[in-house]
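Peer 1: build me a model from this:
(4 chains)
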2 protein chains.
Amino acid sequence: MLEQSSSPERAVAELVEQLGHCACSDAFSAGLNPAQWSALRYFERANRFSRTVSAFAAYHGTTRGTASQTVRVLVQKGYLRRLPAMHDQRSFRLDITELAQQELGSDPFAEFVSAAGTLPPEQCSALARGLRAMLEQVLEKRARRPFGVCTTCEHLGALDDKRDGRCGHRCRLQDEALAEQELGRICVDHRCRKNHLSGQTRY
Amino acid sequence: MLEQSSSPERAVAELVEQLGHCACSDAFSAGLNPAQWSALRYFERANRFSRTVSAFAAYHGTTRGTASQTVRVLVQKGYLRRLPAMHDQRSFRLDITELAQQELGSDPFAEFVSAAGTLPPEQCSALARGLRAMLEQVLEKRARRPFGVCTTCEHLGALDDKRDGRCGHRCRLQDEALAEQELGRICVDHRCRKNHLSGQTRY
DNA sequence: AAAATTTAGTTTCGACTCGCTACTATATTT
DNA sequence: AAATATAGTAGCGAGTCGAAACTAAATTTT
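Peer 2: Residues are numbered from 1 along each chain as shown, chains lettered A, B, ... in the order given. Next up is the predicted model:
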């Protein structure tokens, strides 16, 4: 603890700023800029309902216009594929390409992941909890919501297929079935379920 | 724990990025931009040896040219006062003005401090420790050092005034006396002392 | 069913940032 | 005394971002 003089909350805020600045400034590798890296990471992690320009704009706290520019470049460079959306003729779904998958392997961001990985696992989890709580505070003040995954979402429901009992999941909002591997993806429509037990998926 | 699906270190990295982005994007209030807020905060917290354009550039991970522009605007706006440096004719010391002090009161950054403040104190301190460790990792990879305060610096020494015993502190690098309230300020020349006991100032 | 409103996305424009290079002046080293 | 390093500045140019204006499709209201 080198910064003993100021309060811990002040120190946290300063550290977040400085780390954030680092994350931002090193993001110019591979011909992509910080916003483009962010977008790529977002589209990798978002579920199929949320891979749109508007959802990314909401996630990133920017305007749709700016988000649109960012996405356009990524499509041009072959990192995103633009598919017409299923139910809405105005909208497009953006999927990352194999090229982007590769590129994400050499994400400068990996350095941060490994820096966090040097912490003892328990401390690392505590860090994630604390930061998440902080993010929720900050976003709430700006009338934004943090995106979250299906497993903690109030829209998650069971899918009863014939009568073999419960055999799948569905999103009640979109009224569509969800594959098991989709449950871990973040969603623009996430609403945090009340009293969800840690890790348990129970309806 | 909304992000259960990915590893905790991944979550930490993502959270840091997102929080950093928030910190950056809301920093346009009061006619100042993010870099200018950063600079103002830096000059508030840096000791008198480190309140220079070059030191700020090093802290902020940018070029002297860019740092110079940022500082010029702040001087024009009356937030920084430019004083000729004591020992070097080329250099200037930059002190924050009363106006800047006021402005720092309404720093958008305060929102982050209070967000961190909502955490239980123990968790908040843990957060600061974890983030600091992470920052050190990240900076090391880019051949940069985190600035630190005198109390943990190997250059800190005792000042023997006549023979009343130890009655003050000095910086052995600068060969100057240090007032008690200067010990908590960050310094570009900070070198972490080996085996310093937490909080104890012992030579 | 028609009209009004909302929403998804794009485009253009202008302000502004930032890093790069070149430059001056002072310190420091050889 | 000459060479080199360092503190800081100036100006250029690429590129980013947000604001505003716009199109087209979906939704709501009447």
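Peer 1: low pLDDT regions in chain A?
Peer 2: Low-confidence segments of chain A, defined by pLDDT under 70: A:1-5, A:26-28, A:161-166, A:195-203.
Peer 1: ok, now with 50
Peer 2: Residue ranges of chain A with pLDDT under 50: A:1-4, A:199, A:201-202.
Peer 1: close to DNA strand D: what parts of chain A are there?
Peer 2: Proximity of chain A to DNA strand D, by Cβ under 7 Å from any atom of the strand, involves residues A:33-35, A:61-63, A:65-66, A:69-70, A:73, A:88-90. All C-beta atoms are positioned from the backbone trio N, CA, C, and that covers glycine.
Peer 1: any chance of those residues in JSON lines, plus secondary structure?
Peer 2: Output for the residues of chain A next to DNA strand D, formatted as JSON lines (DSSP: H, G, I helix; E, B strand; the rest coil):
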{"residue": "A:Asn33", "secondary structure": "coil"}
{"residue": "A:Pro34", "secondary structure": "helix"}
{"residue": "A:Ala35", "secondary structure": "helix"}
{"residue": "A:Gly61", "secondary structure": "coil"}
{"residue": "A:Thr62", "secondary structure": "coil"}
{"residue": "A:Thr63", "secondary structure": "coil"}
{"residue": "A:Gly65", "secondary structure": "helix"}
{"residue": "A:Thr66", "secondary structure": "helix"}
{"residue": "A:Gln69", "secondary structure": "helix"}
{"residue": "A:Thr70", "secondary structure": "helix"}
{"residue": "A:Val73", "secondary structure": "helix"}
{"residue": "A:Asp88", "secondary structure": "coil"}
{"residue": "A:Gln89", "secondary structure": "coil"}
{"residue": "A:Arg90", "secondary structure": "coil"}
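Peer 1: tell me, which of these make contact with chain B?
Peer 2: Among the residues of chain A next to DNA strand D, the residues lying close to chain B (Cβ under 8 Å from any Cβ of the partner chain) are A:Gly61, A:Thr62.
Peer 1: could you give the angle of the longest helix seen in chain A to helix B:121-141?
Peer 2: Looking across chain A with DSSP state H, the single longest helix is helix A:121-141. Using axes from the mean of the first three to the mean of the last three Cα atoms, to 10 degrees, the inter-axis angle of helix A:121-141 relative to helix B:121-141 is 100 degrees.
Peer 1: contacts for helix A:121-141, please.
Peer 2: A:12, A:16, A:116-117, A:119, A:145-146, B:1-3, B:8-9, B:11-12, B:15-16, B:18-19, B:22, B:111-112, B:114-116, B:118-119, B:123-124, B:126-127, B:129-131, B:134 (Cβ atoms under 8 Å, 6 or more residues apart in numbering or on different chains).
Peer 1: helices - which of those land there?
Peer 2: If you go by DSSP H, the contacts of helix A:121-141 have A:12, A:16, A:116-117, B:8-9, B:11-12, B:15-16, B:18-19, B:22, B:111-112, B:114-116, B:123-124, B:126-127, B:129-131, B:134 in helices.
Peer 1: among these, the buried ones, what's the ChimeraX command?
Peer 2: Burial among the ones in helices among the contacts of helix A:121-141 is assessed by 16 or more other Cβ atoms under 10 Å in any protein chain shown; the matching ChimeraX selection reads:
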select /A:12,16,116,117 /B:8,9,11,12,15,16,18,19,22,111,112,115,116,123,124,126,127,129,130,131,134
